[in-house]
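[1] The sequence and its predicted three-dimensional model are supplied below.
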Amino acid sequence: MKNTTLLFFLFFVIGSCTKPKVANLSSQLFEKNSYKTLNQDKKLVFLDSLNSSLSSLKNDTLTRNFLFDLSAEYYYLSESSKSLAVCQKVLKLSEHTKDTMAIAKSFYYIGDTYEVKQKDSAYYYYHQAEKLYRLLNNQEMTGKMLFNKAYVLFYEGNFLESEILLSKALQLLKNSEDKKLLFSSCTLMGSTLSRLEEYNNAEKYYLLAKKVLNHLLENDVVFVKNNNYKISVSVKLAEVYRKTAQYNKAIQELESIMSPTLKKDWPTYYATIIGNLGYTKMKSGNLSGVEKLLKEALDISRKNSNEASQIYKLSYLGEYYAVVRDTLHSISYLKQSLQLAEKLQSSDDIKISLKLLSKIDYRNNSFYNKRYIDISDSLTKVQRNNRNKYARIEYETSVVEDNNKELSIKNLYLILGLLAVILIAGGILTYRYIENKKRELAHQQQHQKAEEEIFELLKDYQTKFNAIKLKEQNRISRELHDSVLNKLYGTRLQLGILNSSDALEVKEKRLGYVDLLQEIELEIRDISHDLHTDDIEDHWEYIHLLSDLIQEKNELATTHFSFSDESNLNWNTIDGLVKITIFRIVQEALSNVIKYSEAAICIVTLTKNENNKLLLLIEDNGEGFESTTQENDGIGLKNMQERARLAQAELTIASKLGEGTKIEVVFNCQY
């Protein structure tokens with residue numbers, strides 16, 4: 001069943017991408033159950049097929065937005081390299097159209113793809129995005145980029161710079177409608193300040209995060225679908241209380257988030273809570289039930305294969321057994337914690353385990369102390385290098401920008417100097433050129449205005465002609481019916497009366513006249529009905545105007561002209577310049593056929609090509625000419641080419657001696 005669903009969905013969506021419809025290019029594709037129910041491998045097959053089918057799409061906002069959605073789907077499936085490739089593609093498209101907002105978004109998305117494995121690259125692209133969002137005066141997205149940069153610095157151990165960036169971000173986001181971003185910023189600020197041991201300020205930001213979270217929980221149920229943020233913030237806040245020896249407040253905070261279903265619904269969070277609860281009680285001096293809580297927390301983490309959370313639980317147990325003077329168990333748990341921290345390369349946890357072991361394992365005290373000092377020095381060096389690295393990224397970026405500005409200024413001075421020389425040397429020629437251009441532009445505007453006026457005159461003529469024609473038809477109809485028909489009817493009655501004579505010869509003649517008059521009466525009645533019709537066509541039809549033009553040419557030449565409109569367009573909605581261009585090109589082409597081609601047949605057709613664009617075809621079977629040598633000769637052909645250019649149409653003329661001529665005009669718009 002899943003395979004059938006996949007094939008149907010691929011056919012429906014990807015098939016439509018061969019000739020995409022606006023309605024299909026939407027992130028709603030990824031909201032369909034047909035997509036959501038696929039496993040990861042099938043989703044990747046679908047996304048890859050979709051990605052390959054998008055290459056033929058034009059570079060517009062719709063396409064770029066859809067590529068952003070596609071990149072995000074790859075990102076959610078942990079396919080960072082594919083997400084990056086799509087982001088780089090949309091960046092090129094955005095730069096080509098100079099879409100600053102899309103360029104900024106491309107930098108932001110590229111930063112996300114680097115965030116896990118190449119944090120310095122992520123920082124660089126977030127910084128690039130931040131500058132563009134500042135340029136666009138988009139405070140919310142500027143704040144988000146500052147948050148992303150701070151996040152990178154936090155996990156690189158650069159807490160001081162992280163705090164500075166978060167302060168700037170929160171200043172921009174304080175009135176933001178994006179409460180999720182505000183919540184994340186407050187939480188990260190709390191964690192940063194906690195690492196800097198500014199616990200009072202950390203508490204303030206955790207409490208602010210809880211306040212924002214309450215607003216979110218009331219208005220966005222989906223926000224806690226995959227993560228219980230309330231537990232996360234409370235655990236962090238309880239840690240601050242514990243580090244400031246406010247053990248009762250820490251215990252109350254942890255117990256406030258316990259619930260009967262917590263262990264079943266959120267086992268990982270349950271283990272975190274009881275682990276912290278046991279450790280806090282131990283720190284407060286209350287050892288009752290601590291061992292049970294800590295061991296239960298460790299068992300749950302092991303069952304869920306959560307090695308990162310096992311580290312500190314093992315450390316908690318090691319510290320607990322040290323408090324109860326069970327040195328053997330204490331050293332055992334602390335060594336397990338150290339071994340796991342080294343495996344996961346968690347430097348902070350390694351330091352904690354080494355510090356505890358140096359105090360408890362007296363025999364190896366010097367060994368652990370030396371390792372602790374080495375790790376501390378190494379971390380200090382790494383953090384210093386990181387600080388220098390990220391400062392260097394911003395510095396080098398600013399240097400490049402300054403150099404570009406300086407180069408631009410130098411180039412500007414050089415260009416201005418060259419312009420000055422050119423203006424001095426050829427001032428008169430430049431002035432004349434500008435004046436000629438002005439006259440040419442004025443002429444084009446006058447020409448276009450004249451064309452529109454001519455078109456309106458032709459329209460008025462056609463309307464008046466149809467009105468006069470209809471009036472004349474009705475007049476003849478009335479005359480036939482009210483005058484001629486009545487007279488004939490009276491004559492027939494008189495002849496009928498006179499026919500009462502008994503003379504056989506006269507009677508036969510009169511009867512013959514009566515029959516003849518009846519025939520005339522019937523004929524006139526038919527004419528009257530034909531002339532007087534209720535099926536009155538519209539007074540103005542553009543196609544009628546073209547038909548009249550072609551019929552007029554039929555009356556002037558031996559060539560038989562025919563015309564057909566296969567475009568199925570509502571000509572009342574078509575731009576006037578397009579219509580007058582068609583009319584004038586047809587008029588010029590038919591005149592050329594009459595003058596030069598000696599053609600027997602000429603066919604004029606309006607239709608649509610394979611790209612759904614309006615196409616004008618004019619074909620004759622006349623003598624033709626060598627188009628390769630004469631296509632630029634003659635005023636008539638140049639006029640047609642100029643008209644096509646002004647209407648943004650493509651005109652091609654194909655002709656050979658003895659094989660006739662074919663003119664194609666494609667208007668670059670879809671109908």
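    Okay, I see it.

[2] which residues are in contact with stretch 205-217?
    Identification of contacts with stretch 205-217 by Cβ atoms under 8 Å, 6 or more residues apart in numbering yields 179-180, 182-183, 186-187, 189-190, 193, 223-224, 229-230, 233-234, 236-237, 240. To be clear about C-beta, it is placed using only N, CA and C from the backbone, and glycine gets the same treatment.

[3] Return the set of buried residues in that stretch.
    Going by neighbour count (16 or more other Cβ atoms under 10 Å), the buried part of stretch 205-217 is Tyr205, Tyr206, Leu208, Ala209, Lys210, Val212, Leu213, Leu216.

[4] Make a markdown table from the residues you listed and add secondary structure to it.
    Below are the buried residues of stretch 205-217 laid out as a markdown table (DSSP: H, G, I helix; E, B strand; the rest coil):
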| residue | secondary structure |
| --- | --- |
| Tyr205 | helix |
| Tyr206 | helix |
| Leu208 | helix |
| Ala209 | helix |
| Lys210 | helix |
| Val212 | helix |
| Leu213 | helix |
| Leu216 | helix |
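
[5] Return the member of the residues you listed nearest to Phe66.
    Of all the buried residues of stretch 205-217, Leu216 has the smallest distance to Phe66: 28.8 Å, by Cβ to Cβ.

[6] How confident was the prediction at the closest one?
    You'll see Leu216 listed with a pLDDT of 80.

[7] do Asp348 as well
    82.

[8] Ok, Arg195 next?
    So, for Arg195, pLDDT stands at 90.

[9] Next up, the contacts around it.
    So Arg195 contacts Phe154, Phe159 (Cβ under 8 Å, 6+ apart).

[10] helix or strand right after whatever helix or strand Asn248 lives in?
    Element membership for Asn248 (DSSP states H and E) is helix 247-256. Scanning forward in sequence from helix 247-256 by DSSP H and E, the next helix or strand is helix 262-265.

[11] which outside residues touch that next one?
    Applying Cβ under 8 Å, 6+ apart, the contact partners of helix 262-265 are Tyr269, Tyr270, Ile273.

[12] distance of the second one from Ile424?
    When Cβ to Cβ, to the nearest Å is the yardstick, Tyr270 and Ile424 sit 84 Å from each other.

[13] Looking at these two, which is more packed in?
    The neighbour count for Tyr270 versus Ile424, taken as other Cβ atoms under 10 Å, is higher for Tyr270 (21 against 8).

[14] if I've got this straight, that one is in a helix?
    Yes: assessed with three-state DSSP, Tyr270 lies in a helix.

[15] burial of Asn474, as a residue count?
    Other residues near Asn474 come to 13 when the count uses other Cβ under 10 Å.

[16] same question, His329
    Neighbours around His329, by other Cβ under 10 Å: 15.

[17] Who are the contact partners of the closest residue to Tyr125 other than its chain neighbours?
    Spatially, and ignoring its direct neighbours in sequence, Tyr125 is nearest to Gly111 (3.6 Å; Cβ to Cβ, 6 or more residues apart in numbering). By Cβ under 8 Å, 6+ apart, the residues touching Gly111 are Ser121, Ala122, Tyr123, Tyr124, Tyr125, Tyr126, Ala129, Asn148.

[18] Can you say which helix or strand has Gly111 in it?
    Judged by DSSP H and E, Gly111 forms part of helix 100-114.

[19] now do Phe561
    Using DSSP H and E, Phe561 sits within strand 560-565.

[20] Please spell out which residues along that strand are buried.
    Residues of strand 560-565 classed as buried by neighbour count (16+ other Cβ under 10 Å): Phe561, Phe563.

[21] List the contacts of the helix or strand following that strand.
    Using DSSP H and E, the helix or strand that follows strand 560-565 towards the C-terminus is helix 576-592. Contacts to helix 576-592, defined as Cβ under 8 Å, 6+ apart, come from residues 448, 451-452, 454-455, 458, 542, 545-546, 549-550, 553, 561, 571, 602, 604, 606, 614, 616, 618, 636-637, 639-640, 643-644, 646-647, 649, 651, 663, 665, 667.

[22] just the angle between helix 576-592 and strand 560-565, please?
    160 degrees (axes from the mean of the first three to the mean of the last three Cα atoms, to 10 degrees).

[23] Toward the C-terminus from helix 576-592, list the very next helix or strand.
    Counting by DSSP H and E, what follows helix 576-592 is strand 601-608.

[24] ranges for the strands of the protein?
    560-565, 601-608, 613-620, 649-655, 661-670 (DSSP state E).

[25] now the second one, how far from the centre of its chain.
    Centroid separation between strand 601-608 and its chain, computed with Cα atoms, centre = their mean, to the nearest Å, is 39 Å.

[26] repeat for the fourth one
    Taking Cα atoms, centre = their mean, one finds the center of strand 649-655 at 35 Å from the center of the full chain.

[27] Buried residues, it. List them.
    By neighbour count, with 16+ other Cβ under 10 Å as the criterion, the buried positions of strand 649-655 are Ala649, Leu651, Ile653, Ser655.
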